[in-house]
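> How does the following fold in three dimensions:
(2 chains)
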Protein chains: 2
Amino acid sequence: MKGTVGELGEFGLIRELTARLTTTPAVALGPGDDAAVVAAPDGRVVASTDVLLEGRHFRRDWSTAYDVGRKAAAQNMADIAAMGAVPTALLLGLVVPAELPATWPAELMDGLRDECQVAGAAVVGGDLVRGDTITVSITALGDLRGAGPVTRSGARPGDVVAVTGWLGWSAAGHAVLSRGFRSPRAFVEAHRRPEPPYHAGPAAAALGATAMTDVSDGLIADLGHIAAASGAGVDVRSGAVDIPSQMADIGQAVGVDPLHWVLSGGEDHAIVACFPAGTKLPARWRVIGEVLGRSALPRVTVDGAPWGTAGWDHFGGDGEPG
Amino acid sequence: MKGTVGELGEFGLIRELTARLTTTPAVALGPGDDAAVVAAPDGRVVASTDVLLEGRHFRRDWSTAYDVGRKAAAQNMADIAAMGAVPTALLLGLVVPAELPATWPAELMDGLRDECQVAGAAVVGGDLVRGDTITVSITALGDLRGAGPVTRSGARPGDVVAVTGWLGWSAAGHAVLSRGFRSPRAFVEAHRRPEPPYHAGPAAAALGATAMTDVSDGLIADLGHIAAASGAGVDVRSGAVDIPSQMADIGQAVGVDPLHWVLSGGEDHAIVACFPAGTKLPARWRVIGEVLGRSALPRVTVDGAPWGTAGWDHFGGDGEPG
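Predicted coordinates for the structure are as follows:
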């Protein structure tokens, strides 16, 4: 594909973008009509919207359009999974400057499509508008399949807190990129392209999770959302949190305690959930703490003490719900 | 509410915005969690996304934030209705500059809420991001209640073409505003705040509509979408199209043939549908034309001849599907 967005024109670009898409049996009607039609066999639909702006949420010199697409889809579908639902569909509101090469939105669409395929969903529609700042607004839909929804508000004192997925990898990758490096690749890749454990959301719902969220703002901050919504406290045991040796090496290289990345770094979209004590959890879940009774602020502690790093403050003190 | 978006902060503003919302029985879980949960009793969900940018889709000196909210919600829920579905929920992706008075997003939300109430829907979630250009990205959801979906592709030769709602009022209001006037108010209001006939969409589906869309780009252009998708032609009888005397007066005052507004003006979100000949239509539907066999370009004619105005060309000649 040659030329800019402006040269290709709105209809030409829409044709190029929709031609790249794949579908699933859940899609009764895809792009091209007034609206899409998607199966919602549960009789309820789960829906979440996120907006990503160039310069604020991504940088074109750090991430390819494909990576931005993967990440935008992942972050939204992680929200669906964190309710205990299976992602089914994604809609895209896209703002692009006329002078942008048309390959950029095309590769963004490839990224959205491929991440949707990982989760079992499909891009079903959207809107394309010309404007000054690249803006990627995603709405993800999902189906509960008779389960949940698992909200943030059901955690009860005595519940265990468990997590699955990656923690701190994106933040470590960001630290590497910020210092002008491009490796270690595993962490840079984790920053560019998170891998949320989509299946773990519905699985947690089936295991009886009492509260759940995905880690988008950082473990402590997102547990703060659960604690606030549940009227409870949470204590995290730092010794229970895994710090890979490679991450420890990066921490040493850049002078940062890697525990900071693991407890405060967001964007990996791990899934953190509370379960009644004694719940038999699959091997990939790691119990990292406990739900306490209603506590004074801060609601989330680490080894019984406030977690007083800059990362903590950065996310708004008490981890207020967003 | 005092201060700017930046002074109120993200969480403060989100609190203000969600506090203004109302709900419906279809909303199982509203804003504040990872995702919303909305009833989809039909077992399918209808979904559509639209993006509005300041400067391109609205002007703050012409429209209040409240009007922008009404219009943004209306245009999206009209897409839902045009599938034959009942709007149920709306999600908002909002980009606002830090220096914007916080009253602006608050009044936008009031507009979204009130238009949702007209249609029987509710705002159930969203995302708030700071950026340079006010951007309002809306996703509307709807339920088919066992009907439709009525796509653009089902029109058959011999079908009648009928329309309900307002036609050309927004364009006439735009012409008035463009010339620096603020009246006649009815047309200026129609431009600021369209009134789609939401109920007409599901009603048309129940009456056996073969194809349907809402008039967002202009009657001829949107009929062009139906004609192209259906592989058919459409002829509109200009004498069957209503031109209110007040609109004729404005046309005379500003030197524009009002038929141009009625045939080419968009944004009123009237509903145009095709029905098998002989379908008994309620009084508020007006038969304005007929579906023909596959025709040469242009696919849509007026009184058997191409409609060769600037408005026609402006929307891309053949009325290509978007």
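> When you work out contacts or count neighbours from here on, use the C-alpha atoms and nothing else.
Fine.
> Can you show me the helices along chain A?
Along chain A, the stretches classed as helices by DSSP state H are A:5-8, A:10-19, A:65-81, A:103-119, A:169-178, A:185-192, A:200-206, A:219-230, A:245-254, A:258-264, A:310-314.
> out of those helices, which comes closest to chain B?
When those are compared by C-alpha to the nearest C-alpha, helix A:65-81 sits nearest chain B, at 5.0 Å.
> got a list of what residue A:173 touches?
Counting by C-alpha atoms under 8 Å, 6 or more residues apart in numbering or on different chains, residue A:173 touches A:184, A:186-191.
> and the gap between it and residue A:249?
For residue A:173, the distance to residue A:249 equals 12 Å [C-alpha to C-alpha, to the nearest Å].
> measure the residue nearest the centre of chain A to residue A:261 for me?
With distances taken as C-alpha atoms, centre = their mean, the residue of chain A nearest its centroid is residue A:75 (2.9 Å). Distance, residue A:75 to residue A:261, by C-alpha to C-alpha: 18 Å.
> So what's the residue count around residue A:237?
Residue A:237 sits with 16 neighbouring residues when counted by other C-alpha atoms under 10 Å in any protein chain shown.
> doesn't residue A:303 make contact with it?
Yes: assessed by C-alpha atoms under 8 Å, residue A:237 is found in contact with residue A:303 at 5.0 Å.
> re earlier: dump the helices of chain A to JSON lines, plus mean pLDDT and distance to residue B:63.
Converted to JSON lines, the helices of chain A look like this (pLDDT from 0 to 100; distance: least, C-alpha to C-alpha, whole Å):
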{"stretch": "helix A:5-8", "mean pLDDT": "93", "distance to residue B:63": "28"}
{"stretch": "helix A:10-19", "mean pLDDT": "92", "distance to residue B:63": "26"}
{"stretch": "helix A:65-81", "mean pLDDT": "97", "distance to residue B:63": "32"}
{"stretch": "helix A:103-119", "mean pLDDT": "97", "distance to residue B:63": "31"}
{"stretch": "helix A:169-178", "mean pLDDT": "93", "distance to residue B:63": "42"}
{"stretch": "helix A:185-192", "mean pLDDT": "91", "distance to residue B:63": "40"}
{"stretch": "helix A:200-206", "mean pLDDT": "97", "distance to residue B:63": "43"}
{"stretch": "helix A:219-230", "mean pLDDT": "96", "distance to residue B:63": "37"}
{"stretch": "helix A:245-254", "mean pLDDT": "94", "distance to residue B:63": "51"}
{"stretch": "helix A:258-264", "mean pLDDT": "95", "distance to residue B:63": "42"}
{"stretch": "helix A:310-314", "mean pLDDT": "35", "distance to residue B:63": "37"}
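> Disregarding flanking residues, what is the spatial nearest neighbour of residue A:232?
If the residues on either side of it in the chain are set aside, residue A:232 comes closest to residue A:294, at 4.2 Å by C-alpha to C-alpha, 6 or more residues apart in numbering or on different chains.
> For the one you found, list the residues it contacts.
Residue A:294 makes contact with A:231-233, according to C-alpha under 8 Å, 6+ apart.
> residues near residue A:29, how many?
When neighbours are defined as other C-alpha under 10 Å, residue A:29 has 18 of them.
> scratch that, residue A:21
Residue A:21, neighbours per other C-alpha under 10 Å, totals 17.
> Please apply the same query to residue A:140.
30.
> ok now do it, which residues does it touch?
Applying C-alpha under 8 Å, 6+ apart, we find residue A:140 in contact with A:47-49, A:73, A:76-77, A:80, A:87-91.
> Pretty sure residue A:29 sits against residue A:37.
Yes: contact criterion C-alpha under 8 Å: residue A:29 and residue A:37 qualify, at 4.8 Å.
> domains of chain A?
Following the assignment in automatic domain parsing, chain A carries domains at A:5-143, A:160-314.
> now, of the ones you listed, which is deepest in the fold?
The highest average neighbour count among the domains of chain A, using mean count of other C-alpha atoms under 10 Å in any protein chain shown, belongs to domain A:5-143 at a mean of 23.
> Relative to the whole chain's centre, how far out is that domain?
Averaging C-alpha positions (C-alpha atoms, centre = their mean, to the nearest Å) puts domain A:5-143 14 Å from its chain's average.
> same thing with stretch A:152-172?
That offset, for stretch A:152-172, works out to 13 Å (C-alpha atoms, centre = their mean).
> what does stretch A:283-297 give?
Its chain's C-alpha centre and that of stretch A:283-297 lie 21 Å apart, by C-alpha atoms, centre = their mean.
> What mean pLDDT does it get?
On average, the pLDDT along stretch A:283-297 is 90.
> Can you get me a residue count around residue A:1?
By the criterion of other C-alpha under 10 Å, residue A:1 has 10 neighbours.
> What's the end-to-end length of stretch A:265-279?
27 Å.
> Mean confidence (pLDDT) on it, please.
Stretch A:265-279 shows a mean pLDDT of 95.
> Tabulate the CA atom coordinates of stretch A:94-113 in CSV.
What follows is stretch A:94-113, C-alpha atoms only, in CSV (Å, rounded to 0.1, in the frame of the first residue of the first chain):
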residue,chain,number,x,y,z
LEU,A,94,-9.6,6.0,14.8
VAL,A,95,-8.3,9.5,14.3
VAL,A,96,-5.4,9.8,11.8
PRO,A,97,-3.7,12.9,10.3
ALA,A,98,-4.0,13.2,6.5
GLU,A,99,-0.2,13.1,6.1
LEU,A,100,0.2,9.8,7.9
PRO,A,101,1.5,7.0,5.7
ALA,A,102,-1.5,4.7,5.0
THR,A,103,0.6,1.7,6.1
TRP,A,104,0.3,3.0,9.7
PRO,A,105,-3.5,2.4,10.2
ALA,A,106,-3.2,-0.7,8.1
GLU,A,107,-0.6,-2.2,10.4
LEU,A,108,-2.5,-1.0,13.4
MET,A,109,-5.5,-3.0,12.1
ASP,A,110,-3.3,-6.0,11.6
GLY,A,111,-2.3,-5.8,15.3
LEU,A,112,-5.9,-5.4,16.4
ARG,A,113,-6.9,-8.4,14.3
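> who are the neighbours in contact with residue A:72?
A:50, A:52, A:112, A:136, A:138.
> ok, now which ones touch residue A:203?
Residue A:203 touches residue A:84, counting by C-alpha under 8 Å, 6+ apart.
> Distance of it relative to residue A:282?
Distance from residue A:203 to residue A:282, by C-alpha to C-alpha: 9 Å.
> Repeat that for residue A:214.
Taking C-alpha to C-alpha, one finds residue A:214 at 18 Å from residue A:282.
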